[in-house]
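S.K.: here is the input, now give the coordinates:
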Amino acid sequence: MVERIRPPSWFWLIALLAILWGVMGVVAFYMDVTMSPAAIADLSSYDRALRASRPGWFMWLYGSAVWTGLIGGVLLLLRSALAHGVYVVSLVLVIAMFGYIFAVTDLIAVKGFGVAAGFPILVALIAGAEIWFAAWARRRAWLA
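M.R.: Presented below is the predicted three-dimensional model:
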């Protein structure tokens, strides 16, 4: 059995921030799934068409991406080495989700690269940082 070493106090802050980031993703997913017809009507015609064009499996991909991100944060807080693998799965799902959107739509052409890709790039960078941090914490025996 691998003995865990007590992490420094700032580890807990990072774990809590990772959970908060995961909760924000789950909330965004929930708001998307439960968007009222009135809220949908308030979207631009392009955004309504884009929303309507998403295949049913896309929402499963989206939900899986955000839930695995949140679970990774919880596992990090619990000091489980499984956090690393769960974060890797989350990043793969994020890349698949945004990759699909960019590959099959004209979102970048319509909204511009900065608007269309800025947030997805941020999400991927944070997911990559979570993977790195979980691996780093595991090497220091903070996770087991």
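S.K.: quick check: the gap between residue 74 and residue 124.
M.R.: Here the criterion is Cβ to Cβ, to the nearest Å. By it, residue 74 lies 21 Å from residue 124. Any C-beta I mention is one placed from the backbone N, CA and C, and that applies to glycine too.
S.K.: longest helix in the protein, please.
M.R.: helix 113-139 (DSSP state H).
S.K.: buried ones in it?
M.R.: 116-117, 120, 123, 126-127, 130-131, 133-135, 137-138 (16 or more other Cβ atoms under 10 Å).
S.K.: could I get those as a markdown table with pLDDT?
M.R.: Formatted as a markdown table, those follow (pLDDT from 0 to 100):
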| residue | pLDDT |
| --- | --- |
| 116 | 96 |
| 117 | 97 |
| 120 | 97 |
| 123 | 98 |
| 126 | 98 |
| 127 | 98 |
| 130 | 98 |
| 131 | 98 |
| 133 | 98 |
| 134 | 98 |
| 135 | 98 |
| 137 | 97 |
| 138 | 96 |
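S.K.: generate CSV for the residues you listed, with distance to residue 16 as supplementary columns.
M.R.: CSV is the format used below for the buried residues of helix 113-139 (distance: Cβ to Cβ, whole Å):
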residue, distance to residue 16
116, 31
117, 28
120, 24
123, 19
126, 14
127, 17
130, 13
131, 18
133, 13
134, 14
135, 19
137, 14
138, 19
